[in-house]
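A.B. asks: Any chance you could fold what I've pasted below:
(chains A and B)
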Amino acid sequence: MPVIAGRSGRWRGAALGASVGALLVCSLLGAPAAGADADKTGVRAVTTQTAAVVPGQSAWLAVVWTADQTVTDWSTTVTAPAGVTVSYPTTRGGSDTSLYGSATLVGSTRDFTAVKLAVPYTQTQSFSVTLVSTYTGTCGDNGQCKEQGGGNDDKVREHSTSATVTVPVQPAVGPAFTQVTSTVSVAAGSNTYQDIAFTGGQADLADLTVRLGTLPAGLAVGYPGNASESRLARSGSLVGGTTDHVAVRFDTTGLAPGTYPLPLVISYTAAAPQTVSGTVTLVVR
Amino acid sequence: MSCAEPSRHAEPTGARRPAVRTLLAGAVLALVAGTTACGAGADAAAAPASTAAPAGTPADGTTRQLAQVEFVRQCTIAAMTFSDEAGTTTDLDGRLAAAGFTHQQWKDWHDALAGSPALVDQFAAISAAGCPAG
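C.D. replies: Okay, here's the model as predicted:
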């Protein structure tokens, strides 16, 4: 966090009065060495605790901020415990997050920062994250403010503040996933791919694959890429709360019209690798 | 800018010709902008629409409704999780649609906050009671 480190050094220099260079710069700019950079914006986090997550979940969480004075150029970075992965919005390049509405927090209003946390299955206890926000004050020492940039005295006031927020962790409830597609219908004599959809539970399931079990005589199946099983279309993981699908090719050229319950073998990795069974009904018209 | 609002292109300098040119240009701009604003106003009257919000946007019933949607969202957003990046926008758009607004109307209102003390005061007044318990 170079911004904070730089500011820290500047404060030390001003306090000690030991740096001739710093004194010269301050004299030339006509800026008071101390006090001018005091953060009078009143920026603070409103949120002390985020929404709860479950072990193995990746989710976007929000922290609400408010301020007494308008600030601009908002940027927030987050530090989380080891094992918890932090991701930022792709719209900002992925190295920080800002406020939802814009990079400006208008005094006396609220806005929030969103960040994605991926919580490992081993994280079963609540934890804290620290958010460091940097911003530019727009108000002069007399309290008058500009819409952008420095205060009305044209001094740029770059500030930062930090907030520690609790992320509650609670046990997952409900099924690991739900099979959305229960029936696929194909024409007799066809040989086409059909989608079988799944919706994740609360936690993410890595490496989810599906294959058919024992097939009725006359039916043949295939998987994309001539693989021995089918993988999710969007990514290898079924992200909690999202829906994705696998594709299976049903060759019914040797199968009479009718209804056939077909066994599914579904494998994935949660806290540990697991294999469970499912069923899909094939209707041959 | 409202239809009756005067143009703001006065030059504080003593240079007369540039000032005249600026005034003329301003008059043209005001005419064009005024025509556009008045044309949009006819549509705006038929629906709870808030057109592009310029600096100094006045507070009214429409901005109050938008502020209420935003305040309730700010009260609840920290208690929510979203599985994908667009989830926060999906949530907002659902709230706006339920109140009869579009995302663009919300954005116009939000962008106008920084330059409109009236909108800020209105938002602060709505927020004054604090978030509902629970």
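
A.B. asks: Would you state the strands of chain B in chain order?
C.D. replies: With strands called from DSSP state E, chain B shows none.

A.B. asks: Oh, that last question was meant for the stretch 101-250 of chain A, not what I typed.
C.D. replies: Assigned by DSSP state E, counting those that start in this stretch, the stretch 101-250 of chain A shows strands spanning A:110-118, A:127-137, A:157-167, A:177-179, A:183-186, A:191-200, A:206-212, A:220-222, A:230-231, A:243-251.

A.B. asks: Let me know which of those strands is the nearest to chain B.
C.D. replies: Closest to chain B of these is strand A:110-118 (Cβ to the nearest Cβ; 4.4 Å). Placement of C-beta: from N, CA and C, glycine included.

A.B. asks: Quick one, which of the strands of the stretch 101-250 of chain A gets closest to residue B:117.
C.D. replies: strand A:110-118 (16.7 Å; Cβ to Cβ).

A.B. asks: Could you check the angle the closest one makes with strand A:157-167?
C.D. replies: 50 degrees (axes from the mean of the first three to the mean of the last three Cα atoms, to 10 degrees).

A.B. asks: the inter-axis angle of strand A:110-118 versus strand A:127-137?
C.D. replies: Using the same axes, to 10 degrees: strand A:110-118 against strand A:127-137 is 140 degrees.

A.B. asks: returning to what we had before: looking at the strands of the stretch 101-250 of chain A, which is closest to residue B:101?
C.D. replies: Nearest to residue B:101, of all those, is strand A:110-118, at 17.9 Å by Cβ to Cβ.

A.B. asks: one step back: please name whichever of the strands of the stretch 101-250 of chain A is nearest to residue A:266.
C.D. replies: strand A:206-212 (5.3 Å).

A.B. asks: could you give the mean pLDDT of that closest one?
C.D. replies: On average, the pLDDT along strand A:206-212 is 97.

A.B. asks: And chain B, is it touching that?
C.D. replies: No: using Cβ under 8 Å from any Cβ of the partner chain, we find that strand A:206-212 stays clear of chain B, coming within 15.1 Å at best.

A.B. asks: Counting neighbours, which bits of that strand end up buried?
C.D. replies: A:206, A:208, A:209, A:210, A:211, A:212 (16 or more other Cβ atoms under 10 Å in any protein chain shown).

A.B. asks: so who does residue A:66 touch?
C.D. replies: A:42, A:43, A:44, A:46, A:105, A:108, A:109, A:110 (Cβ atoms under 8 Å, 6 or more residues apart in numbering or on different chains).

A.B. asks: ok, and the closest non-adjacent residue to the residue in the stretch 101-250 of chain A that chain B sits nearest to?
C.D. replies: With Cβ to the nearest Cβ, the shortest gap between the stretch 101-250 of chain A and chain B falls at residue A:241, namely 3.9 Å. Nearest residue to residue A:241, sequence neighbours excluded (Cβ to Cβ, 6 or more residues apart in numbering or on different chains): residue B:83, at 3.9 Å.

A.B. asks: Bridge partners for the residue nearest to residue A:39 when sequence neighbours are not counted, pull those for me.
C.D. replies: Nearest non-adjacent residue to residue A:39, counting by Cβ to Cβ, 6+ apart: residue A:159, 4.3 Å away. Beta bridges link residue A:159 to residue A:135, judged by DSSP bridges.

A.B. asks: Tell me the spacing between residue A:159 and residue A:231.
C.D. replies: 48 Å (Cβ to Cβ, to the nearest Å).

A.B. asks: And the pLDDT at residue 56?
C.D. replies: Defaulting to chain A. 98.

A.B. asks: try chain B instead
C.D. replies: Reading off the model, residue B:56 has pLDDT 84.

A.B. asks: To what extent is it buried, counted in neighbours?
C.D. replies: 13 (other Cβ atoms under 10 Å in any protein chain shown).

A.B. asks: what's the closest non-adjacent residue to the most centrally placed residue in chain A?
C.D. replies: Closest to where the C-alpha atoms of chain A average out (Cα atoms, centre = their mean) is residue A:116, at 2.1 Å. In space, and not counting its chain neighbours, residue A:116 is closest to residue A:87: 3.9 Å by Cβ to Cβ, 6+ apart.

A.B. asks: By mean pLDDT, point me to the weakest helix or strand of the chain.
C.D. replies: Reading this off chain A. The helix or strand of chain A with the poorest confidence is helix A:2-16; it has a mean of 33 (mean pLDDT, DSSP states H and E).

A.B. asks: my bad, the chain I had in mind was chain B
C.D. replies: Ranking chain B's helices and strands by mean pLDDT, DSSP H and E puts helix B:16-46 last, a mean of 33.

A.B. asks: Correct me if wrong: residue A:88 contacts residue A:115.
C.D. replies: Yes: Residue A:88 is within contact range of residue A:115, at 6.3 Å (criterion: Cβ atoms under 8 Å).

A.B. asks: Domain map for chain A?
C.D. replies: A:44-167, A:177-284 (automatic domain parsing).

A.B. asks: what's the least confident stretch among the ones you listed?
C.D. replies: Among the domains of chain A, domain A:44-167 carries the lowest mean pLDDT (a mean of 91).

A.B. asks: So which bits of chain B are right by chain A?
C.D. replies: So chain B meets chain A at B:55, B:71, B:74, B:77-85, B:87-88, B:107, B:110-111, B:113-115, B:120-121, B:123-124, B:127 (Cβ under 8 Å from any Cβ).

A.B. asks: related to what we said a few turns ago, buried subset of the contacts of residue A:66?
C.D. replies: Buried, going by 16+ other Cβ under 10 Å: A:43, A:46, A:105, A:108, A:109, A:110, out of those.

A.B. asks: what's the pLDDT at the closest residue to residue B:106 other than its chain neighbours?
C.D. replies: Excluding its sequence neighbours, the residue lying closest to residue B:106 (Cβ to Cβ, 6+ apart) is residue B:96, at 5.5 Å. pLDDT for residue B:96: 98.

A.B. asks: what pairs with residue A:44 across the strands?
C.D. replies: residue A:66.

A.B. asks: List the residues that contact residue A:197.
C.D. replies: Contacts of residue A:197 by Cβ under 8 Å, 6+ apart are A:179, A:180, A:181, A:243, A:244, A:245.
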